[in-house]
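# Following is a predicted model, sequence given first.
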Amino acid sequence: MKSNYQQVSDSVITYCRHRRLRQSEALRSLVRETRVVKSDLIQPLFIVPGSAIRKEIPSLKNQFHLSVDQCLREAEALLKLGITNVLLFGIPEEKDEIGSSACKPDGIVQRALKNLKKEFPELTLTVDVCFCEYTSHGHCGILKGQSIDNALTLTELDKQAISLAEAGADILAPSGMMDGCIVSLRSALDSAGFQEKILMSYSAKYASAFYGPFRDAVDSSPSFGDRRTHQMDPANSDEALREIASDIEEGADIVMVKPALAYLDVISRVRDNFNIPIAAYNVSGEYAMIKAAAEQGLIDGERAMLECLTSIKRAGAGIIITYFAKEAAPLL
Ligand code: PBG
């Protein structure tokens, strides 16, 4: 230990020179433990009906509602920057009680998938599998009275997933926190010949205030009630481990913790307890907070962005879904 510790004059007190390795960027880089790289990132995209539409989303600065043709241009720009993963959300023409437009072969996300797959086979296409963007009441599934019927919703989720798989989705990400959705989707996809399609489960998704800007972007706020009967209580992390364990048992290929920043401890516990790829969703509210603070000159937005992305990876998530993907790419 002599070489690391410095004797302070004649006293017996010794101390470690931690600063020795921080003297230059070259040294700091040499001993850096965590590096966020472009291939860690998934950029969400919001697809709307129509053509030639590229309209900034009021609640999400620098994120856009894109018509299918414009989503192709965006994908091209992302690929040029080295981002090869996107997550698609759709805002349909019409919403109804059961979210039927989510399962149509010519549905909004299905159209985007077909075009993206054809033009950019090198892009990995992830899709949200949920009904809240498609139902008139904004709930994530099929209602019986005032609450979501789990079994009925599973049947509909299977249909939606098969329709998205047929259109070209590579990774299906059910975000509705329905019990049994992974085993149900796995067997539905396998029976339809889609054994190779990947399931990324929103396993530990919390009932969070940080989804606010997203719900404005896709107009999916529930018309009554909330999502606390299916999304998790923010106070719980043992329960997150139980959710993850059952999704792995049911056949999930990737598990997710969402949101990311207020749940870094959960990500870390999942990392310590399981050996499976972990994704974290750096959600809309987390993005919007940094943007708003930077706009007001309260923080350096670029540094805050990189620091947050690094913290998510350091906590243990190898996959980060983030609205910052495009902006961060040139800096990585
Ligand atoms: C549900 C879904 C939500 C988000 C992704 N998928 C919203 C919700 O649960 O209300 C939130 C993403 C974000 O806030 O960035 N389909």
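Thanks, I have it.
# Quick one: end-to-end distance for stretch 162-178.
17 Å (C-alpha to C-alpha, to the nearest Å).
# swap in stretch 140-154?
Chord length of stretch 140-154, first to last residue, is 11 Å (C-alpha to C-alpha).
# So which bits of that stretch are buried?
140, 141, 142, 143, 148, 150, 153, 154 (16 or more other C-beta atoms under 10 Å). Yep, even glycine has a C-beta here, placed from its N, CA and C like the rest.
# got a list of contacts for it?
For stretch 140-154, the surrounding residues in contact (C-beta atoms under 8 Å, 6 or more residues apart in numbering) are 97-98, 130-132, 137, 139, 156-157, 175-181, 184, 224-225, 227, 229-230.
# if we go to 7 Å?
Under the contact criterion C-beta atoms under 7 Å, 6 or more residues apart in numbering, stretch 140-154 has outside partners 98, 130-132, 137, 139, 156, 176, 178-181, 184, 225, 227, 229-230.
# before we move on, the earlier item: which among the buried residues of stretch 140-154 are in contact with the ligand?
With the criterion set as C-beta under 6 Å from any ligand atom, no member of these is near the ligand.
# Restricted to helices, list the residues you listed.
Judged by DSSP state H, the buried residues of stretch 140-154 include 150, 153, 154 as members of helices.
# Which one of those is nearest to the ligand?
residue 153 (12.6 Å; C-beta to the nearest ligand atom).
# Please tell me how far the closest residue to the closest one other than its chain neighbours sits from the ligand.
For residue 153, ignoring the flanking residues on the chain, the nearest one in space by C-beta to C-beta, 6 or more residues apart in numbering is residue 141 at 3.2 Å. Between residue 141 and the ligand the computed distance is 11 Å (C-beta to the nearest ligand atom, to the nearest Å).
# Likewise for residue 256?
Taking C-beta to the nearest ligand atom, one finds residue 256 at 10 Å from the ligand.
# so that residue is in which element?
Under DSSP states H and E, the secondary-structure element containing residue 256 is strand 254-258.
# now swap in residue 42 and tell me
Short version, using DSSP H and E: residue 42 is in strand 41-47.
# my guess is residue 203 meets residue 242, correct?
No. With contact defined as C-beta atoms under 7 Å, residue 203 does not reach residue 242; the gap is 9.7 Å.
# returning to that earlier point: for the ones in helices among the buried residues of stretch 140-154, give me a markdown table that also has distance to residue 166.
Formatted as a markdown table, those follow (distance: C-beta to C-beta, whole Å):
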| residue | distance to residue 166 |
| --- | --- |
| 150 | 25 |
| 153 | 20 |
| 154 | 19 |
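# count of residues packed around the residue nearest to residue 64 when sequence neighbours are not counted?
Nearest residue to residue 64, sequence neighbours excluded (C-beta to C-beta, 6+ apart): residue 54, at 5.2 Å. Residue 54 has 14 neighbouring residues, counting by other C-beta atoms under 10 Å.
# what's near enough to touch residue 54?
64, 66, 70.
# What parts of the stretch 201-332 of the chain come near the ligand?
211, 214, 215, 227, 283, 284.
# at 5 Å what do you get?
Residues of the stretch 201-332 of the chain found near the ligand (C-beta under 5 Å from any ligand atom) are 211, 214, 283, 284.
# host element of the residue in the stretch 101-250 of the chain that the ligand sits nearest to?
Closest residue of the stretch 101-250 of the chain to the ligand, C-beta to the nearest ligand atom: residue 214 (3.2 Å). Element membership for residue 214, per DSSP H and E: helix 212-218.
# In that helix, which residues are buried?
213, 214, 215, 216, 217, 218.
# tell me which strands and helices the helix or strand just after it is in contact with?
Beyond helix 212-218 in the direction of the C-terminus, DSSP H and E gives the next helix or strand as helix 238-250. Packing partners of helix 238-250 (3 or more C-beta pairs under 7 Å, 6 or more residues apart in numbering; DSSP states H and E): helix 181-191, strand 198-205, strand 254-258, helix 264-273.
# Out of the buried residues of helix 212-218, give me the two with the largest separation.
213 and 218 (10.1 Å; C-beta to C-beta).
# and stretch 195-203, average pLDDT?
Here stretch 195-203 scores 97 as its mean pLDDT.
# Contacts for it next, please.
Applying C-beta under 7 Å, 6+ apart, the contact partners of stretch 195-203 are 126, 165, 169-175, 177, 182, 185-186, 189, 243-244, 247, 251-256, 258, 279.
# ok, of the residues you listed, which come out buried?
By 16+ other C-beta under 10 Å, the contacts of stretch 195-203 give 126, 165, 169-175, 177, 182, 185-186, 189, 243-244, 247, 252-256, 258, 279 as buried.
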